[in-house]
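Asker: Give the three-dimensional model of this entry:
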Amino acid sequence: GKGHLKISCSGAGTRFVQPNNEAVIQFEQCNSVIIEDGFFSGGRSGPGSPQDQTYDHLNGALTFHNCAQVSLHRVTLQCNSATRLFASCLTVSSTPSSPGRVQVTDCSLKVGHQQIGILLLNQQRITVSDNQIQARVKPRSMTLDFMLRDFVVANRVRDFMIKGAVIRDFDRLDEGQRDNLQNIQTSQAAGNRQVMFESPIAANHWRNAIQDTPDQVVYASNNQLLNSVKAASINLLQNPQARVGHSAINRWIESLRQQNPSVMATGIVCGGEVAKQVRIRDNTISGAHLGIQVGVSNRKRAQPGNFHIGETRIQGNSIHILLSPLATKRRGGIFVGNCTQLSISDNSIQVQRFQVTNSLRVESLRVYGILGRKMIVKDNYSTHCDVGIRVTAMDRQDGTQQWLVADNMFVDAEPAVEAPKIVKRRNNVT
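Answerer: Numbers count the residues shown, from 1 in each chain. Now for the predicted structure:
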């Protein structure tokens with residue numbers, strides 16, 4: 001640790017660039033760090049652990065570990081793009097036993113494709129205000145074919161090609177359901193198997209694709225046939241040569257090129273096991289799959305126990321969501337989990353969809369987990385969301401509750417409010 005540090009730069013013209021690592025500067029165990037002005041650009045991410053859901057492997061262009069107090073003002077940060085989550089623009093983390101304090105104000109963050117803008121873990125007092133957080137344009141080398149080589153991305157796209165599969169009880173489907181499904185049925189010689197599923201690609205094209213991958217001539221079950229169709233779809237997505245002769249499938253994949261914007265995974269994340277006071281206000285988040293995520297938990301423990309955020313205010317944020325078919329499955333405007341005192345107000349959430357993602361259900365607001373006695377959600381506005389707000393209360397504290405959802409406009413949402421009866425509803429408009 002270095003005690004108390006202050007770094008004052010001369011605006012964005014003072015540039016710190018690290019092309020070979022996601023972290024430009026890392027601070028360890030400082031009493032306080034203040035950084036004003038300046039430009040910090042992280043580079044290529046390390047291998048990390050793409051299956052790690054704890055964020056432990058993520059470094060930011062500026063990274064702080066176990067610093068008691070961190071303050072950033074008028075700083076510009078950017079991180080590189082990747083097909084998976086490997087980095088952030090800013091990471092501030094502490095151990096749960098020694099949570100820190102962090103303030104991020106009036107900063108500009110340019111977030112790489114599928115990365116995080118601000119990542120704050122185990123901070124007892126959080127203030128994030130008046131920041132511009134936007135998705136950074138992908139490099140030209142990150143083409144659609146390049147991204148589809150990542151099996152995680154290919155699997156996401158496959159789920160749009162093949163969904164709602166039925167492998168038994170076909171007679172229970174009514175005529176309307178059958179009309180929306182593609183029917184694949186093999187010959188007697190191939191096992192006389194059948195699967196039905198939703199797909200933008202007609203059944204005869206799938207039959208031809210299966211014939212191109214004759215690893216299984218006789219299918220032992222309907223499920224094996226379904227797995228063969230899925231394997232054929234991955235082969236078509238990852239191997240352009242395999243698409244030759246499959247014009248309909250090739251046209252659908254080519255259409256993805258127009259539906260593949262740069263989109264950050266999440267704008268602001270506050271997590272870990274500890275968060276006593278959270279204030280997120282007046283930020284602009286542009287081009288995110290999930291705007292704001294606030295929640296505490298511990299996935300590593302066999303017995304997770306109860307973790308709660310303290311006083312939380314999320315107010316006056318403008319969030320633009322991009323529903324990209326190649327992005328992570330986490331999506332929505334604002335998510336809050338396990339909170340004792342919660343206020344969500346005056347936020348604007350706008351969702352932009354693409355042809356492939358038109359049917360994706362998305363919530364503008366979601367509150368989940370163990371809730372305290374106060375939850376107020378007021379004066380928010382959203383467009384093109386399927387659900388205005390969804391409240392899922394796993395448990396609640398003893399005593400009376402003031403759980404109120406009022407005076408919100410959720411344009412075209414149905415329903416506007418999905419919540420337990422204990423939640424009061426007033427003047428919510430769709």
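
Asker: Following the longest strand along the chain in sequence, what is the next regular element?
Answerer: In terms of residue count, the longest strand belonging to the chain (DSSP state E) is strand 363-378. Reading on from strand 363-378 to the C-terminus, the next helix or strand found by DSSP states H and E is strand 381-383.

Asker: Any regions of this protein where pLDDT drops low?
Answerer: Applying pLDDT under 70 to the chain flags residues 1, 46-54, 56, 212-216, 299-306, 396-398.

Asker: That one: helices as residue ranges?
Answerer: Using DSSP state H, the helices of the chain run over 144-148, 151-161, 175-179, 203-211, 222-238, 247-255.

Asker: Could you spell out the sheet neighbours of the longest strand of the chain, each with its direction?
Answerer: With DSSP bridges as the test, strand 363-378 is paired with strand 332-345 (parallel), strand 387-396 (parallel), strand 402-406 (parallel).

Asker: Please work out which of the ones you listed is packed deepest.
Answerer: Comparing those by mean neighbour count (mean count of other Cβ atoms under 10 Å), strand 332-345 ranks first with a mean of 23. To be clear about C-beta, it is placed using only N, CA and C from the backbone, and glycine gets the same treatment.

Asker: Please write out the alpha-carbon positions of that one in CSV.
Answerer: Output of strand 332-345 as CSV, limited to C-alpha atoms (Å, rounded to 0.1, in the frame of the first residue of the first chain):
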residue,chain,number,x,y,z
GLY,A,332,-33.1,-5.6,-18.9
GLY,A,333,-33.0,-2.1,-17.6
ILE,A,334,-32.4,-2.3,-13.8
PHE,A,335,-32.0,-5.4,-11.6
VAL,A,336,-31.9,-5.2,-7.7
GLY,A,337,-31.5,-8.2,-5.5
ASN,A,338,-31.7,-8.7,-1.7
CYS,A,339,-32.2,-5.1,-0.4
THR,A,340,-33.5,-3.7,2.9
GLN,A,341,-34.3,-0.2,1.8
LEU,A,342,-34.9,0.4,-1.9
SER,A,343,-35.9,3.4,-3.9
ILE,A,344,-36.0,3.3,-7.8
SER,A,345,-37.3,6.6,-9.3
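
Asker: gap between that strand and the chain center?
Answerer: 16 Å (Cα atoms, centre = their mean, to the nearest Å).

Asker: Next: stretch 324-338.
Answerer: Worked out by Cα atoms, centre = their mean, stretch 324-338 lies 4 Å from the chain centre.

Asker: and if you look at stretch 281-291?
Answerer: 12 Å.

Asker: For that stretch, buried residues please.
Answerer: For stretch 281-291, the neighbour count (16 or more other Cβ atoms under 10 Å) marks 281, 283-291 as buried.

Asker: neighbouring contacts of that stretch?
Answerer: Applying Cβ atoms under 8 Å, 6 or more residues apart in numbering, the contact partners of stretch 281-291 are 111, 117, 128-135, 261-268, 292, 313-324, 327-328, 330-335, 349.

Asker: Could you rerun that using 7 Å?
Answerer: 128-135, 261-268, 313, 315-322, 324, 327-328, 330-335, 349 (Cβ atoms under 7 Å, 6 or more residues apart in numbering).

Asker: Check stretch 405-422 too.
Answerer: Against stretch 405-422 from outside (Cβ under 7 Å, 6+ apart): 364, 377-391, 393, 401, 403, 423, 425-430.

Asker: That one: how far from the chain's middle?
Answerer: With Cα atoms, centre = their mean, you get 22 Å for stretch 405-422.

Asker: which of the residues in it are buried?
Answerer: So for stretch 405-422, counting by 16+ other Cβ under 10 Å, buried means 405, 408-410, 413, 416-419.

Asker: just the CA coordinates of that stretch, formatted as CSV?
Answerer: What follows is stretch 405-422, C-alpha atoms only, in CSV (Å, rounded to 0.1, in the frame of the first residue of the first chain):
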residue,chain,number,x,y,z
VAL,A,405,-45.2,0.8,-7.3
ALA,A,406,-46.7,4.0,-8.4
ASP,A,407,-46.9,6.7,-11.1
ASN,A,408,-44.8,4.8,-13.7
MET,A,409,-45.3,4.7,-17.4
PHE,A,410,-44.3,1.4,-19.1
VAL,A,411,-45.3,1.9,-22.7
ASP,A,412,-46.8,-1.2,-24.3
ALA,A,413,-45.8,-3.4,-21.4
GLU,A,414,-48.1,-6.3,-20.5
PRO,A,415,-48.3,-6.6,-17.6
ALA,A,416,-47.2,-3.2,-16.2
VAL,A,417,-46.6,-4.8,-12.7
GLU,A,418,-46.0,-8.4,-11.9
ALA,A,419,-45.7,-8.7,-8.1
PRO,A,420,-47.2,-10.3,-5.0
LYS,A,421,-50.5,-8.9,-3.6
ILE,A,422,-48.7,-7.2,-0.8
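
Asker: who's in contact with stretch 190-210?
Answerer: 161-167, 170, 180-186, 217-222, 225-226, 228-229, 232, 236, 246, 248-249, 252.

Asker: Name the nearest residue to Arg243, ignoring sequence neighbours.
Answerer: Leaving aside its chain neighbours, Arg243 sits nearest to Asn250 (4.3 Å; criterion: Cβ to Cβ, 6 or more residues apart in numbering).
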